[in-house]
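3D, please:
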Amino acid sequence: PFTLHSARLVAVLPEHPLRLTLDRRTMPTSRFTRFEIALPALPQGATFTTGLGTPGNPVRFQVIQTQGADRHVLLDLVVDEFGWEMAKVTLPKTDNPSTLLLYQPSGYWGAPTLEVPREGEAAIPIILISNDTMRADHVGCYGYERDTTPNYDAFARDAVLFENAFTPESFTLTAHMSMLTGLYPKNHGITENLNLRENVTTLPEALGQRNYFRGAFSGIEWWFTAWRGFAQGVDLLDVPHEYRQVFETYDLARNWIENVPSQRFFLFLHNYDLHSKLWEGLPYDPDDDRFRMFSSTITDPPDFPGLAEGKEGATLYLAGFNRRGETLSSAQEEFMLAMYDDCIRKVDFAAGELFQYLKDHGLYDPALIIVTADHGEAFGEHGRYMHGDIYEHNIHVPLLIKFPQQQFGGTRVADMAFLMDLYPTVLDVLGMDIPEGLDGRSLLAALQGQAPEHEMLYATRGSWRGMRTDSDKLIRELVHDKTEYYNIAQDPAELSNRAEEQPERVSAMQGLLEQFFAPARGGWQIALYTGSETWKIEAYVASTAKLESVRLSRSHAVERIDHVSASQWVETDIELTPQVGHDVLIVKPVQGHEEVRLTLTSETPFSVRLGNEILKPTTTLDQVLSPEDPRLQAPPPPMDNPTLPQVAIWYEVPEVTGTAAKDLSAEDIESLKALGYLDE
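Prediction:
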C-alpha cells in the first residue's frame, strides 16, 4: 500500500522527444498508444492533467478508469487542430485500487500528471511578471509625476519596493535568463549565438523538485524560443507568432491556471507592449484608444518623416538615428515619451485585471508575486534611443516583490538588488537549499538581515561595459575607446563625466572591469604586437562550425558576429597604437576543437610566429589553423628585438563549451531586422 500525492509520466524511449513544440507551444512529451497506471485508493479531488498534442491529423484521446468490472470514461476527445490542447479530468473517489488507462493512436501526451490533494498543504503560488522595456523612473511608486501605474502603485503597498534594482545586461535574451538562473550572462552562457549552457539549472527545473506546475507565456517569440533554453524545466512554454498584446498573453495564462490542479504553480509572464514597435507607424503606441491618455494631451503631434510612408519599422527607424549619431527634435522626443507612458498605462491595466483575478480565486494572498523588467529605454539621453547602452535609464529597472500574506508589505529598500537575486529569493521563500555558485543573493535573507549587501554591479550591452557601486559608476564604450566616470550619488542622470578628474579611481575600477569581462580561457589566440607606429590590420575569421565569439582580450571591440552568416565568419578592422602596444584576438568556435581560417591584411609588413617557426615577413597572412598542428600547442617565445609588427598564434583548450543556436531562416532574419537587432 502507498499514498500517491503526485506522479508525472515521462518519455524514456530514445526515439521519443523529451520536449515537443507544436504551433509555438512546447511541452515535455510522452508518446504511447496505450498505457496503464495502477492507482491506490483515491480521495476526493484527485486529477489527471495533460496536454493533447496532434501533428495535424485528427487524434482520439481517451482516459478511462477501471475498477473490477466498472469502467468510467473520464475523457473521450477528438483533437484535429495542429498543436497542443490542455485537458484536465477529475478522478472519482475510490476506496480500493483502480487502473487508469490512456489511449491515443498517433498523438502526444504533454506533461501528463496525476495529482492528489494533500491534507493541510499551504502551497505558495509563484508569479514572475516581466514588463519588457519598463524604466523604473516612469513608474508612479518610483516617483514619476504621471499617473502611469495606478495598479502597480497599489500593489506596491502590499510588496517590497527595491529602489535600486538593476539588470546585468540591457538585452531581453540575456537579462531574462539571468532572472531564471541567478547568474550573470557570462556565467549562464546564453548569447545571440549560444544556447543556455547544459550544466545550468533553471528556476523552473529547481521548482520541479517540489512538484510545481510550471508555465511560461511571453509576448514575443524572439527571444523566448524553446531551443534557447526557456523550455528547460517548464511544463508549458507558450510563445506567439512574432508578437501579441498583453491581454491575449494574460488570458492564456489564466486559462492555464484553471487547468492546474493545485496552488503549487510557477507562472512566468512577459509582455512586450512597451517596446518600440516592429512595424511601420508611431514608434510607441498602445494600439488602444483607452490608453492614449498622455499623448492625446499633445494638441499638435509632430510627424516622423519616413515612418508615415511605411518605408521601415519604427525600431529600425530609431536605430538609424543611433547609427548616424543624429537626434530627433524635442517635440518628437516629447511625443514618443507620452506614447511610451500610454503603453505603460496599458500593461498596468492588464496587471490590475490579473491581480483581481488572483484575488477572486484565493490566489493573491498566499502568492509570491514578483514584478520587474529586463531593461529600460532611452529617449534622447546622451543622444541615443532605445536600449543599446548601459546608462541608468537602461539598467535601472523596477522591482516589486509581494511575499506570501503580504509580509514586509510597504517596505522600501535602498540597497542594490539585481535580477540575479530572483532565483535564490524564490528558493528561500520555499525553504529550499540555495545552490552554491549563484551570482545573486536571497532578498528574503537580505530583508531579515542575513545576507550581505551587493558591493557592485557589472553591466554590459554590445560594446558597452560598466561597473556600478551605490555611489559611483564607470562606463567603457569599446568601439570608440571612450571612458566615462560618474559620481552617481550626486549625479544620477549621468550628466557630468568626471573621468579626467578621478584618474586613480577610474584606473582601479577599469582593472576590476577588465578582470570581470576577461574572456574564459580557450580557443585560438592571435597575439598582435606593434612597435613605435600605429598598426592597422584587416582581419577575417571563418569556421565550418559556428563561432561563439571573436574579440580582443584588452577590450578593444571587434564587430559583433554577423547573424545572417549563421555566425560562421567575422570581418573586422583592428588598430593598435603604440600606447596599447599589443592585444590578443581570441577566436572561440562553439564546439571548441575546430579548425578556423585566418586572414590578416596590412599595408605594413609584419612577421608571423607559429611555435618556433618564423614565417617570412608579409602583408597578407592566409592560414588554416588546426588544433592538431604541433606548432600551435603553446604560446611561442617572443622575438628578439623585432623591427616589424608581429603576430604569434597558438591554441588553448576551452574551459567551457556551449551549444550553438540554430541556423536562422529568412523569416527569422527579417524578424530580427524588425526588432532592431540587425541593421539593413
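
does residue 123 count as helix, strand or coil?
The three-state label given to residue 123 by DSSP: H, G, I helix; E, B strand; the rest coil is coil.

Do you have the helices of the stretch 201-350 of the chain handy? List them.
In the stretch 201-350 of the chain, the helices defined using DSSP state H, counting those that start in this stretch lie at 203-207, 246-259, 314-324, 330-360.

List the buried residues in the second one.
Applying a neighbour-count criterion of 16 or more other C-beta atoms under 10 Å, the buried positions in helix 246-259 are 246-247, 249-254, 256-257, 259. Yep, even glycine has a C-beta here, placed from its N, CA and C like the rest.

That one: how far from the chain's middle?
Its chain's C-alpha centre and that of helix 246-259 lie 21 Å apart, by C-alpha atoms, centre = their mean, to the nearest Å.

And for the last one?
Taking C-alpha atoms, centre = their mean, one finds helix 330-360 lying 22 Å from the centre of the chain it belongs to.

Between helix 246-259 and that helix, find me the angle.
On the basis of axes from the mean of the first three to the mean of the last three C-alpha atoms, to 10 degrees, helix 330-360 is oriented at 20 degrees to helix 246-259.

Which helix or strand lies directly C-terminal to helix 330-360?
Where DSSP states H and E defines the elements, the next helix or strand beyond helix 330-360 is strand 368-372.

Just give me the closest of the buried residues of helix 246-259 to residue 469.
Comparing the buried residues of helix 246-259 against residue 469 with C-beta to C-beta picks out residue 246 as the nearest, at 35.1 Å.

pretty sure that closest one is touching residue 348, no?
No - with contact defined as C-beta atoms under 8 Å, residue 246 does not count as touching residue 348 (9.8 Å).

The helices of the stretch 201-350 of the chain: which one's closest to residue 613?
helix 314-324 (43.3 Å).

same question for that closest one, mean pLDDT?
The average pLDDT within helix 314-324 is 90.

and residue 223, what is it in contact with?
Neighbour list for residue 223: 172-173, 176 [criterion: C-beta atoms under 8 Å, 6 or more residues apart in numbering].

7 Å - rerun?
Residue 223 makes contacts with 172-173, as judged by C-beta atoms under 7 Å, 6 or more residues apart in numbering.

which residues does the spatially closest residue to residue 269 that is not a sequence neighbour bridge with?
Spatial nearest neighbour of residue 269, excluding adjacent residues (C-beta to C-beta, 6 or more residues apart in numbering): residue 129 at 4.8 Å. Taking DSSP bridges as the rule, residue 129 bridges to residue 269, residue 371.

so residue 129 makes contact with residue 268?
No - applying C-beta atoms under 7 Å, one finds residue 129 not in contact with residue 268, separated by 8.4 Å.

mind checking the SS state of residue 452?
Counting by three-state DSSP, the backbone at residue 452 sits in coil.

how close does it get to residue 441?
Counting by C-beta to C-beta, to the nearest Å, the gap between residue 452 and residue 441 amounts to 7 Å.

can you check residue 365 too?
Counting by C-beta to C-beta, the gap from residue 365 to residue 441 is 26 Å.

out of the two, which sits in the more crowded spot?
residue 441 (22 against 13; other C-beta atoms under 10 Å).

Can you tell me the closest non-neighbouring residue to the more buried one?
Here the residue nearest residue 441, using C-beta to C-beta, 6+ apart, is residue 451, at 4.7 Å.

hang on, the one you found packs against residue 444?
No - using C-beta under 7 Å, residue 451 is not in contact with residue 444; the gap is 8.4 Å.

So those two - more neighbours on which side?
Higher neighbour count among residue 451 and residue 444: residue 444, with 22 against 19, using other C-beta under 10 Å.

Just give me how far the helix or strand containing the more buried one sits from the chain centre.
According to DSSP H and E, residue 444 maps onto helix 443-447. Centre-to-centre, helix 443-447 and its host chain are 24 Å apart (C-alpha atoms, centre = their mean).

what comes into contact with it?
By C-beta under 7 Å, 6+ apart, the surrounding residues in contact with helix 443-447 are 160, 401, 408, 415, 417, 421, 425, 428-429, 451.

hmm, 8 Å instead?
For helix 443-447, contacts defined as C-beta under 8 Å, 6+ apart pick out 160, 162, 401, 403, 408, 411, 413, 415, 417, 421, 425, 428-429, 451, 453.

buried ones in stretch 634-647?
Neighbour-count burial for stretch 634-647, counted by 16+ other C-beta under 10 Å, picks out 635-636, 645-647.

what stretches of the stretch 301-450 of the chain score poorly on pLDDT?
For the stretch 301-450 of the chain, the stretches flagged by pLDDT under 70 are 308-311.

now do the chain
For the chain (pLDDT under 70), the answer is 1-7, 9-17, 308-311, 554-567, 592, 641, 656-680.

at 50 instead, please
559-566, 679-680 (pLDDT under 50).

Past the helix or strand where residue 615 lies, which element shows up next along the chain?
Taking DSSP H and E as the definition, residue 615 sits inside strand 613-625. Going down the chain from strand 613-625, the next helix or strand is strand 646-652, by DSSP H and E.

For that next one, name the packing helices and strands.
strand 523-529, strand 596-610, strand 613-625 (3 or more C-beta pairs under 8 Å, 6 or more residues apart in numbering; DSSP states H and E).

rerun that using 10 Å as the cut-off
Here strand 646-652 touches strand 523-529, strand 582-589, strand 596-610, strand 613-625, going by 3 or more C-beta pairs under 10 Å, 6 or more residues apart in numbering; DSSP states H and E.

With distance to residue 498 and mean neighbour count as added columns, please give these in JSON lines.
Below are these laid out as JSON lines (distance: least, C-beta to C-beta, whole Å; neighbours: other C-beta atoms under 10 Å):
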{"stretch": "strand 523-529", "distance to residue 498": "33", "mean neighbour count": "23"}
{"stretch": "strand 582-589", "distance to residue 498": "28", "mean neighbour count": "22"}
{"stretch": "strand 596-610", "distance to residue 498": "38", "mean neighbour count": "18"}
{"stretch": "strand 613-625", "distance to residue 498": "43", "mean neighbour count": "13"}
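
contacting residues for the closest residue to residue 271 other than its chain neighbours?
Leaving aside its chain neighbours, residue 271 sits nearest to residue 246 (4.0 Å; criterion: C-beta to C-beta, 6+ apart). Counting by C-beta atoms under 10 Å, 6 or more residues apart in numbering, residue 246 touches 131-132, 219, 269-274, 286, 343, 346-351, 353-354.
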